[in-house]
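A.B. asks: Mind folding the following:
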Amino acid sequence: MSKYKVIILILLLIGSLNAQMTWTRATINAGWSIRHGHTSVIFDNKIWVMGGYSVPVNKNDVWYSSNGVNWTQATANAGWSGRIGHTSVVFDNKMWVIGGHDGTNYLNDVWYSTDGVSWTQATASAGWSVRSSHTSVVFDNKIWVMGGNASNLRNDVWYSSNGVNWTQATANAQWSARFYHTSVIFDNKMWVIGGYAGSPRNDVWYSSDTGVTWTQATANAGWSARYAHTSVVFNNKMWVMGGYSPNDVWYSTDGVNWTQATASAGWSARHFHVSDVFDNKMWVMGGFDNTSRNDVWYSTGLNGIADNRQTLAANRFSLEVYPNPAKSFFVVRIPSSVKSQALKIFDVTGKVIKEILRSAQNDNTIRVPLNGIKNGVYFVKVNNELVKEKLVVTK
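C.D. replies: The predicted structure is shown next:
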């Protein structure tokens, strides 16, 4: 082979390693009407979209899809009032709708549903003050509410183990009062990312001690200051997508160092959209780009060297988990070539639910009782390897 052909092959290889991200449009017009300021969750193996502003009204409809293309309306009028700037989480095998603005009033009511059709009011007036454009996450088996706006910007942090009774973790977190920020659970910590605090921000904060103390990971992330963006956790990274007003996508493994996956995603520059992780893909749905949208997009993440590292690591070995679904116990079989030290069970938020230290390195079959673990979807990992197996618990 000539040296010129070798050079060409090397250049092609470098190009493939530097490949970044591709977005695919699932649908240009979802079943639900154009909107922004809505919420989405993953529940019952479906993507759900709830509420938001669809000209000329705030909506209280609920929709779901098992593929992002075909959408079904669960209800045209949920028990909660039409609203924008609310939050939604999945907790205790229920979907929750929390606070927001109904076009006239800021709200602090909390609602839940097990099917998206029938909704029950957990409380008409939560312990935290009325607000919209806050964030909510599930962490440490609690629902959390952070920041937001109701004429005045907030930086308080609250939590509840039932959606009814709320406790204030702090009245003034170390991050400045803000709204239109994002929050995720990553590395067993709660994170607050960007938002509007008198001006757009690109700071990143985290807490690992029940929301009382917050540490600044960076005052100036690699991405530009922004608000009304979205964030998810996918492939062991935190992601920031869009916002007012770019359509770039960034990721980080530590909250300090950020890498741009793409400067211009397939979807138009937008804000007030929603994002979720479903079917091993990241999704972007709806939002506002000078007009409200109801398009749906997805990406499988990075192409090239970054994802190849994960693929190579995942292919080093595979875990065998059975029975699956499991009721009272499950068994993990690990290849004899793997000298594992610890087995960990994570919930869908990334929180470690259970950790088992192996007593014998030559024991490659581990029986794990499910005492104290509720019905739901979990992930099983060995050591800190990237490979993981999904576990469904149905007692």
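
A.B. asks: list the contacts for residue 154?
C.D. replies: Residue 154 sits next to 129, 131, 134, 147-148, 177-179 when contact means CB atoms under 8 Å, 6 or more residues apart in numbering. Bear in mind the C-beta positions are built from the backbone N, C-alpha and C, glycine included.

A.B. asks: In this structure residue 355 contacts residue 346, no?
C.D. replies: No. Judged on CB atoms under 8 Å, residue 355 makes no contact with residue 346 at a distance of 9.9 Å.

A.B. asks: more crowded one of these two?
C.D. replies: Taking neighbours as other CB atoms under 10 Å, residue 355 and residue 346 compare with residue 346 leading, 18 against 10.

A.B. asks: For that one, which non-adjacent residue is spatially closest?
C.D. replies: Nearest residue to residue 346 in three dimensions, chain neighbours excluded: residue 379, at 4.7 Å (CB to CB, 6 or more residues apart in numbering).

A.B. asks: Which helix or strand contains that neighbour?
C.D. replies: strand 376-382 (DSSP states H and E).

A.B. asks: Only C-alpha atoms, please: export that strand in CSV.
C.D. replies: Coordinates of each C-alpha in strand 376-382 appear next as CSV, following Å, rounded to 0.1, in the frame of the first residue of the first chain:
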residue,chain,number,x,y,z
GLY,A,376,-40.2,-0.5,39.3
VAL,A,377,-37.3,-0.4,36.8
TYR,A,378,-33.7,-0.6,38.0
PHE,A,379,-30.2,-1.1,36.6
VAL,A,380,-27.5,-3.5,37.8
LYS,A,381,-23.8,-2.7,37.4
VAL,A,382,-20.6,-4.4,38.5
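
A.B. asks: doesn't residue 160 make contact with residue 166?
C.D. replies: Yes. Here residue 166 lies in contact with residue 160, judged by CB under 8 Å, at a distance of 4.6 Å.

A.B. asks: Report the contact partners of the residue nearest the centre of the chain.
C.D. replies: Against the mean C-alpha coordinate of the chain, by CA atoms, centre = their mean, the closest residue is residue 232 at 3.7 Å. By CB under 8 Å, 6+ apart, the contact list for residue 232 reads 184, 238-239, 241, 275-277, 282.

A.B. asks: Do you know the pLDDT at it?
C.D. replies: Looking at residue 232, its pLDDT is 98.

A.B. asks: Just checking: what are the partner strands of the strand or helix carrying it?
C.D. replies: In this structure, residue 232 is located in strand 230-234 according to DSSP H and E. Strand 230-234 has its sheet partners listed here by DSSP bridges as strand 237-241 (antiparallel).

A.B. asks: just checking, next helix/strand downstream of the strand it pairs with?
C.D. replies: Next helix or strand after strand 237-241 toward the C-terminus (DSSP H and E): strand 249-252.

A.B. asks: Which secondary structure elements does the following helix or strand past that next one sit against?
C.D. replies: Toward the C-terminal end, the helix or strand that comes next after strand 249-252 (DSSP H and E) is strand 259-262. Packing partners of strand 259-262 (3 or more CB pairs under 8 Å, 6 or more residues apart in numbering; DSSP states H and E): strand 249-252.

A.B. asks: what does the strand it packs on contact?
C.D. replies: 21, 204, 221-223, 237-242, 258-262, 265, 299, 302.

A.B. asks: What's the local residue count around residue 44?
C.D. replies: The local packing of residue 44 (other CB under 10 Å) involves 14 other residues.

A.B. asks: Give me the pLDDT value at it.
C.D. replies: 95.

A.B. asks: Same question for residue 278.
C.D. replies: At residue 278, pLDDT is 95.

A.B. asks: now do residue 366
C.D. replies: 84.

A.B. asks: nearest spatial neighbour of residue 260, skipping sequence neighbours?
C.D. replies: Nearest to residue 260 is residue 250, by CB to CB, 6+ apart, at 5.4 Å.

A.B. asks: for that neighbour, which residues make a bridge with it?
C.D. replies: Beta-bridge pairing for residue 250 (DSSP bridges): residue 240, residue 260.

A.B. asks: Check which helices and strands the strand holding residue 379 sits against.
C.D. replies: Strand 376-382 packs on strand 342-347, strand 388-393, going by 3+ CB pairs under 8 Å, 6+ apart.

A.B. asks: Mind listing residues that contact whichever strand or helix holds residue 107?
C.D. replies: Secondary structure from DSSP H and E places residue 107 in strand 106-113. Strand 106-113 is contacted from outside by 62, 78-81, 83, 86, 92, 94-101, 119-126, 128-132, 150-151, 163-164, using CB under 8 Å, 6+ apart.

A.B. asks: Any of the residues you listed buried? List them.
C.D. replies: 62, 78-81, 83, 86, 92, 94-101, 119, 122-123, 126, 128, 130-132, 150, 163 (16 or more other CB atoms under 10 Å).

A.B. asks: what about residue 204, distance to residue 368?
C.D. replies: In this structure, residue 204 and residue 368 are 35 Å apart, going by CB to CB, to the nearest Å.

A.B. asks: So which bits of stretch 262-282 are buried?
C.D. replies: 262, 265-278, 281-282.

A.B. asks: Among the residues you listed, which are located in strands?
C.D. replies: 262, 274-278, 281-282 (DSSP state E).

A.B. asks: out of those residues, who's nearest residue 350?
C.D. replies: Nearest to residue 350 among those, counting by CB to CB, is residue 277 at 10.9 Å.

A.B. asks: hang on, that closest one packs against residue 237?
C.D. replies: No. At 11.1 Å, residue 277 does not count as touching residue 237 under the criterion of CB under 8 Å.

A.B. asks: For residue 231, give its distance to residue 182.
C.D. replies: According to CB to CB, residue 231 stands 4 Å off from residue 182.

A.B. asks: what are the bridge partners for the residue nearest to the centre of the chain, then?
C.D. replies: residue 239.

A.B. asks: end to end, how far does stretch 58-75 reach?
C.D. replies: 15 Å (CA to CA, to the nearest Å).
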